[in-house]
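Undergrad: fold the following, please.
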Amino acid sequence: MSASVHDDPLPPARVDEVSEGVYAYVQPDGSWWINNTGFLAGRRGVICVDACSTERRTRRLREAIGKVSGRPVTTLINTHHHGDHTFGNWLFPEATIVGHEGVRAQILAEGVPAYRAAWSAEVEWGAMELAPPFLTFTDRITVHSDDLRCEVRHVGHAAHTTNDSYVWIPERRVLFSGDLVFNGGTPFVLMGSVTGALDALDGLRALEAETIVPGHGEVCGPEVYDEVEGYLRFVLETARRGREAGLTPLDAARETDLGPWGGLLDAERIVGNLHRAYAELDGAPPGAPIDLAAAVLDMIAYNGGRPLSCLA
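TA: Coordinates of the predicted model:
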């Protein structure tokens, strides 16, 4: 069983202007720890959506922003607490870091997570300093890039995590979805909820976005929702069958043909997703704590006992 299919070496990150003054920073190939960010370049400053996982990658993001705008990064928005979107926060010392109150709480609770050891030892994390959001909200907050309104909305329930938000620019029909959307990679809800992630997709559809900057993968349109939904429903059905057969999440994954989902990056996430789906079938509320270490160890077992691949 192989963790991921990569084109190695990976292509460099790039900046795509998805609307006037609105940019996606796309990092191929979008697999473990290789996320997308974005930014809005205004006359008085830059609003950035998420940081990167390593010092090197975040410094390159800052260099890319500097080539577009000579203005300071005044605001850094975190869509959720995961390290690929927040480890680089400390490299924006001039910015107001904004996030849901759950993002701040989770970053402070986890510190620098020990679970990084589950991935390839070759990852060059670089220096790390905790820098959680210091401007937090409970439901939503609005920021403006000049006159352009950007709505930062908490999903309202567990989905990818318990603290997901997205950035919606209604005037441009542009959505920065965070990890509520993966394009070309396996969706991951171990720390959130399978059913909650499906509900979140319904909420995103209602926005009628035309351009979506996913948390991982290429910029896309609303057709991506059907792909993510199809995979999540596959997880639920696999969990039901496995539970009825008395299989563990790992054994259920091993006995399941991933079919059309087998070509997605980081296919071993099926195991972590099944751990969450089993918990929900057993009556656990969405986002309730479960044994994350056991799930990660099972993903490694599914991967033939090898550390999970990461080219960040």
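
Undergrad: which strands and helices lie in contact with the helix or strand encompassing residue 107?
TA: According to DSSP states H and E, residue 107 maps onto helix 101-110. Applying 3 or more C-beta pairs under 8 Å, 6 or more residues apart in numbering; DSSP states H and E, we find helix 101-110 packed against strand 135-137. Quick note: C-beta positions are derived from backbone N, CA and C, even for glycine.

Undergrad: strand partners (parallel or antiparallel) of the strand it packs on?
TA: Applying DSSP bridges, strand 135-137 is found paired with strand 96-100 (parallel).

Undergrad: which residues are contacting the partner strand?
TA: The contact list for strand 96-100 (C-beta atoms under 8 Å, 6 or more residues apart in numbering) reads 74-81, 89, 131-138, 141, 143, 152, 154, 163-165.

Undergrad: would you tell me which helix is longest in the chain?
TA: Ranked by residue count under DSSP state H, the longest helix found in the chain is helix 224-244.

Undergrad: show me what it is packed up against.
TA: By 3+ C-beta pairs under 8 Å, 6+ apart, helix 224-244 packs against strand 174-182, helix 194-207, helix 249-254, helix 269-281.

Undergrad: mean confidence for it?
TA: Throughout helix 224-244, pLDDT has a mean value of 98.

Undergrad: measure stretch 255-266 end to end?
TA: Length of stretch 255-266, first residue to last, C-alpha to C-alpha, to the nearest Å: 17 Å.

Undergrad: so how far is residue 197 from residue 75?
TA: To residue 197, residue 75 is 27 Å away according to C-beta to C-beta, to the nearest Å.

Undergrad: who's more crowded, these two?
TA: residue 197 (30 against 24; other C-beta atoms under 10 Å).

Undergrad: state the distance from the more buried one to residue 296.
TA: Distance from residue 197 to residue 296, by C-beta to C-beta: 19 Å.

Undergrad: just to revisit the earlier point, which of the contacts of strand 96-100 are buried?
TA: Those of those that meet the buried threshold are 74-81, 89, 131-133, 136-137, 141, 143, 152, 154, 163-165, by 16 or more other C-beta atoms under 10 Å.

Undergrad: could you dump the longest helix of the chain to CSV, C-alpha only?
TA: In CSV, the C-alpha atoms belonging to helix 224-244 read as follows (Å, rounded to 0.1, in the frame of the first residue of the first chain):
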residue,chain,number,x,y,z
VAL,A,224,-15.5,20.2,-6.7
TYR,A,225,-18.3,19.9,-4.0
ASP,A,226,-19.7,16.8,-5.7
GLU,A,227,-16.3,15.1,-5.6
VAL,A,228,-15.8,15.8,-1.9
GLU,A,229,-19.4,14.8,-1.1
GLY,A,230,-19.0,11.5,-3.1
TYR,A,231,-15.9,10.6,-1.1
LEU,A,232,-17.4,11.4,2.3
ARG,A,233,-20.5,9.3,1.5
PHE,A,234,-18.2,6.5,0.5
VAL,A,235,-16.6,6.7,3.9
LEU,A,236,-20.0,6.6,5.6
GLU,A,237,-21.0,3.5,3.6
THR,A,238,-17.7,1.8,4.2
ALA,A,239,-18.0,2.4,7.9
ARG,A,240,-21.5,1.0,8.1
ARG,A,241,-20.5,-2.2,6.3
GLY,A,242,-17.3,-2.5,8.4
ARG,A,243,-19.2,-2.0,11.6
GLU,A,244,-21.8,-4.6,10.6
